[in-house]
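1. Task: produce atomic coordinates for the following.
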Amino acid sequence: MAQVTVRYWAAAKAAAGVAEEPYEADTLAQALDAVRAEHPGDLARVLLRCSFLIDGDPVGTRGHDTVRLTEGGTVEVLPPFAGG
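-> Prediction:
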């Protein structure tokens, strides 16, 4: 499994209580499952509304189980932001 850093922004950061943390996962789906297991409750609900960047690239509508993670990569968790 790849060692990745999950970074939380805005409401996700508040719900997680940390700005970032390491996880081991081969896909985005595995990483998010691990995040939900570690932070049940508020963060799990916030994740339902989030978009994600993998090493700076948007995931978009791709299935999370098809998005491969790389060793040392970064998953950015981006809740919806207010404003224009």
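2. SS state for P80?
-> Secondary structure assignment for P80 (DSSP: H, G, I helix; E, B strand; the rest coil): coil.
3. how near is it to A11?
-> Between P80 and A11 the computed distance is 8 Å (C-beta to C-beta, to the nearest Å). To be clear about C-beta, it is placed using only N, CA and C from the backbone, and glycine gets the same treatment.
4. quick one, which of those two is more surrounded?
-> Higher neighbour count among P80 and A11: A11, with 19 against 10, using other C-beta atoms under 10 Å.
5. okay but the more buried one is in contact with L78, surely?
-> No. Using C-beta atoms under 8 Å, A11 is not in contact with L78, being 9.8 Å away.
6. Pull out the buried residues from the helix with the most length in the chain.
-> In the chain, taking DSSP state H as the definition, the longest helix is helix 28-38. Neighbour counts over helix 28-38 (16 or more other C-beta atoms under 10 Å) mark L28, Q30, A31, L32, A34, V35 as buried.
7. which strand residues sit across from Y8 in the sheet?
-> Y8 forms beta bridges with V77, as assigned by DSSP bridges.
8. I'd assumed A16 was in contact with it.
-> Yes. In this structure, Y8 is within contact of A16 by C-beta under 8 Å, at 4.7 Å.
9. hey, what's in contact with both of those two?
-> Taking C-beta atoms under 8 Å, 6 or more residues apart in numbering as the contact rule, Y8 and A16 both touch L43.
10. between these two, which one's more packed in?
-> Set side by side, Y8 and A16 show more neighbours around Y8, with 26 against 21, by other C-beta under 10 Å.
11. That one and V77, how far apart?
-> 5 Å.
12. for E24, same thing?
-> According to C-beta to C-beta, E24 stands 17 Å off from V77.
13. Show me which of these two is the more surrounded one.
-> Using other C-beta under 10 Å, the more surrounded residue of E24 and V77 is V77, with 25 against 13.
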